[in-house]
Structure formats: structure tokens, C-alpha cells
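Visitor: Here's a sequence, model it:
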Amino acid sequence: MSEQHPDLHVRETVRERYAAAATQVTEGGTACCGPQAIEIDDHFGATLYAADERDALPAEAVAASLGCGNPTAVADLHEGEVVLDLGSGGGIDVLLSARRVGPTGKAYGLDMTEEMLALALANQRKAGASNAEFLQGTIEAIPLPANTVDVVISNCVINLSTDKQAVFAEMFRVLAPSGRIGISDVVADDELTSPQRAERGDYVGCIAGALSFSEYREGLESAGFTDIDITPTHAVADGMHAATVRAAKPTAVRCPNGTA
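Guide: You can find the predicted model right below:
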């Protein structure tokens, strides 16, 4: 029997761990962001949201929060906008987004893990968020048409992908002209090598797969994004940072020959 491709192995490992986290929440346990079931510390999870935001959501959505920031605040969402959350997990950022964009807006959540999607749908029903919708799929192949989303958010998920350039290209594709991204992610200092990043934690621990600041910027630029801003917010390990990532899709996208 042939060996599994390394990228597929990483994806399956991530899926298994996040499925276990969803099951823990469903069964009354403690969610985690790491290779084992551990208590969330100040670097990850629900503690990064304001108390009034947490109190307004189902407890299960808060308990399942595995992120490294609050992308709904980073993205500065407005009434009537269409928002897509990549790696939506238990739905905390989708539900917060749905409240911010209001009944004339729409909040999509995309996740590959069936257990997380089931938890998110249960949380949606409890929250009464009729303008939220959850989709199953991968962030490297977003199941939405081009030019249909105003804002893409994500919370400590893109660093888990083994094909980040595909993720950047897909974000650019689904965004409408002048659309924007507001992401929380883990980013490495430029001087850290890939082996040094791996020493600080595995993929499921949200660290080993992180790009450096320069790599992240170059990847977004290559996909076509402009107005890129990557700002560290707090350290999660030596040389590794939670960061906010903002960028925009130009109003007029130019073709390689220079035409609009």
C-alpha cells in the first residue's frame, strides 16, 4: 500500500484534532489548540474576545474558540456586508460577524471538519442567526463564486494550510473588487528557519506551519493584494507572534498585459 502524501497527512492530522476538540465541547469537555487536550492559555481561545461578545453567544461557541485573535474586530465589519470566515470551527466569528453585518448582510463559515460544522450549526440555531450559513470544504478550494464576498476573515487557520498560496489566491478570487481581508494568524520572525519554527510546536499547535512576516507579505502580493499591513499583537512562542493581517483587492484588477 502506498504511503499517504505528506500534505494529506498533515490535513488529516489537523482534521482529527479539531474533530476531537468539537467532540470535547459537545460532550462538555475543554477545547484546545494543541496536540493534546490542554487548557487554553492567554495566547489562544475565548479570552481574546471582550466579555460582552462572549456573553452574547452560546457557551459552546465560546468554548470551541481555538483562535489567536478576534478577526471580526480586525476586519471592521459594516451593515449589509457579505463576510466569509475561513476555518470557522464552532462558529464564534461567524456568529459575531452575522450580528455586525445585520439582517441585510450575510456571514458564511467554511470548515472541513464535520464535527465542527455540526457544532456550528447547533450554535447557529441557539443564537438565532438566520443570516449565517456554514459550508463544508477546504480553504484551498472555497465553494463560492468569484467576486461575491466583501470581507474574508480567518482566525489562526491559514497557518495550518500546507498550500498557503492557494489560500491567498482563493481569497482574492472570491472577494469583490475593493473587498478586503481581516485575519488573525500566527507569523514568524523573518530570521527563523522552518526547522526552528517546527521546534516551537506542531501544525495542530498553530505554530509549525507559520509563514514569516516577509513570506506572508510576498504571498499576498503575489496573489494580487494591495495595502498590506501585518502587525504583531502578542507573542505565542520565542520568535512567533499572533498578528493581524489586513489587505485589499484593488477596485480594478489589471491583467498581465496591463489592461484592466
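
Visitor: What distance do you get for I158 to P103?
Guide: Counting by C-beta to C-beta, to the nearest Å, the separation of I158 from P103 is 29 Å. C-beta coordinates here come from the backbone N, C-alpha and C atoms, glycine included.

Visitor: out of these two, which sits in the more crowded spot?
Guide: More crowded of I158 and P103, by other C-beta atoms under 10 Å: I158, with 25 against 10.

Visitor: OK, contacts around that one?
Guide: Applying C-beta atoms under 8 Å, 6 or more residues apart in numbering, we find I158 in contact with 86-87, 139, 164, 167, 183, 185.

Visitor: at 6 Å what do you get?
Guide: With contact set as C-beta atoms under 6 Å, 6 or more residues apart in numbering, I158 has these partners: 167, 185.

Visitor: now the one 3 residues further on
Guide: Residues in contact with S161, defined by C-beta under 6 Å, 6+ apart, are V167.

Visitor: Ramachandran angles for it?
Guide: phi -80, psi 140 (degrees, to the nearest 10).

Visitor: What pLDDT does the model give it?
Guide: Looking at S161, its pLDDT stands at 89.

Visitor: so G219 sits right up against F168, yeah?
Guide: Yes. Here G219 reaches F168: they are 5.1 Å apart, a contact under C-beta atoms under 6 Å.

Visitor: out of these two, which sits in the busier spot?
Guide: Legend: neighbour count by other C-beta under 10 Å for G219 and F168, higher for F168 (24 against 18).

Visitor: Excluding chain neighbours, give the residue nearest to the more buried one in space.
Guide: Of all residues not flanking F168 in the chain, A223 sits nearest, at 3.8 Å (C-beta to C-beta, 6 or more residues apart in numbering).

Visitor: ok, that neighbour touching V167?
Guide: No. Assessed by C-beta under 6 Å, A223 is found out of contact with V167, at 8.9 Å.

Visitor: higher neighbour count, those two?
Guide: A count of neighbours by other C-beta under 10 Å puts V167 above the other of A223 and V167, at 25 against 19.

Visitor: low-scoring stretches of the protein, by residue?
Guide: Scanning the chain with the threshold set as pLDDT under 70 gives 1-52, 54-67, 201-208, 253-260.

Visitor: And the strands in it?
Guide: 82-86, 106-111, 132-136, 149-155, 175-188, 226-237, 240-248 (DSSP state E).

Visitor: just checking, what packs against the second one?
Guide: Right, the one you point to is strand 106-111. Other helices and strands packing on strand 106-111, by 3 or more C-beta pairs under 6 Å, 6 or more residues apart in numbering; DSSP states H and E, are strand 82-86, helix 92-101, strand 132-136.

Visitor: Go ahead and name everything in contact with the longest one.
Guide: Yep, that's helix 92-101 we're talking about. With contact meaning C-beta under 6 Å, 6+ apart, helix 92-101 is reached by 57, 61, 65, 71-72, 77, 81, 83, 85, 88, 107, 109, 127, 129, 131-132, 155.

Visitor: If you tally nearby residues, what's the number for T72?
Guide: T72: 28 neighbours (other C-beta under 10 Å).
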